[in-house]
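Undergrad: Can you look at this prediction? I've put the sequence above it.
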Amino acid sequence: MLGDVTGLTVLDAGCGNGSKLAQLASEGAAQAVGVDISGSFIAAGPSVELIQADLSDLSVVPGLETRRFDRILFLQSFGYAKDPLHALRVARDMLTDDGFILLTRTQPVRYAIERAEQNGTTIGEEYFSTKRFSYQHRNWDDQVTLTKVPYTMSDLLNTFSDAGLWIERTVEPYMSAEAAERFPEKYARVSKNFVGIIMFKLRPLARPDACS
């Protein structure tokens, strides 16, 4: 969905250690800029710039005030924005004329299934619940607890619309037969109740003054 990045400028909001950006730089990205609050970055190459900052308002991140990007990524990081709508509006305004946002989000039904199993409730109850919930991430330090704000699909889609974005394409990736054979334990885990990540390719809506 990201396409060929050769010669393009890429901003990764919530880039983690920056390894994805390093990969994109190796694939030809002219500038690969990452923002993450942790600051635990890999050694960056000459075309990779990593900045320790909050992704909630990219316009006030030092060094980004007037810059524009061909691709802006929110790869499982969007949920950490203090005000998701504001974060998306700011990102939209930082796009070049033909730029787009690639955003991934966990399918909310997945969380509802997991909470229903844990709490002995129903999927419907948990899907529409507005109570925050916490859990330990399987792939992180077991001392780290994450807190999530529940959301529904309509919440997510309305946020995109309110931010002035439209969905050009949506993909729900799933493990291929080859991957399932290589990683049987992972396949067994995810196939049990797997409703996973949704990938959105988002473009700005035409502004009214641009159509007149």
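TA: Okay, I see it. Residues are numbered from 1 along each chain as shown.

Undergrad: Run the chain-centre distance for the helix ranked longest in the chain.
TA: In the chain, ranked by residue count with DSSP state H as the criterion, the top helix is helix 108-119. Taking the mean of its C-alpha atoms, helix 108-119 sits 21 Å from the chain's own mean (Cα atoms, centre = their mean, to the nearest Å).

Undergrad: can you list contacts of that helix?
TA: Contacting residues not belonging to helix 108-119 are listed as 121-127, 129, 133, 135, 148, 150-153, 155-156, 193-196 [Cβ atoms under 8 Å, 6 or more residues apart in numbering]. Glycine gets a C-beta too; all of them are placed from N, C-alpha and C.

Undergrad: tell me which residues of that helix are tucked away?
TA: Pro108, Val109, Arg110, Tyr111, Ala112, Ile113, Glu114, Arg115, Ala116 (16 or more other Cβ atoms under 10 Å).

Undergrad: which one of the residues you listed is nearest Ser176?
TA: Arg110 (19.4 Å; Cβ to Cβ).

Undergrad: got a pLDDT number for that closest one?
TA: We note a pLDDT of 85 for Arg110 in this prediction.

Undergrad: next one: Ser191
TA: Reported pLDDT for Ser191: 67.

Undergrad: Then Glu65?
TA: Note on Glu65: pLDDT of 89.

Undergrad: thought it was touching Asp57?
TA: No: contact between Glu65 and Asp57 fails when scored by Cβ atoms under 8 Å: they sit 11.0 Å apart.

Undergrad: shaky segments in the protein?
TA: The model of the chain has pLDDT under 70 over residues 135-145, 189-195, 207-212.
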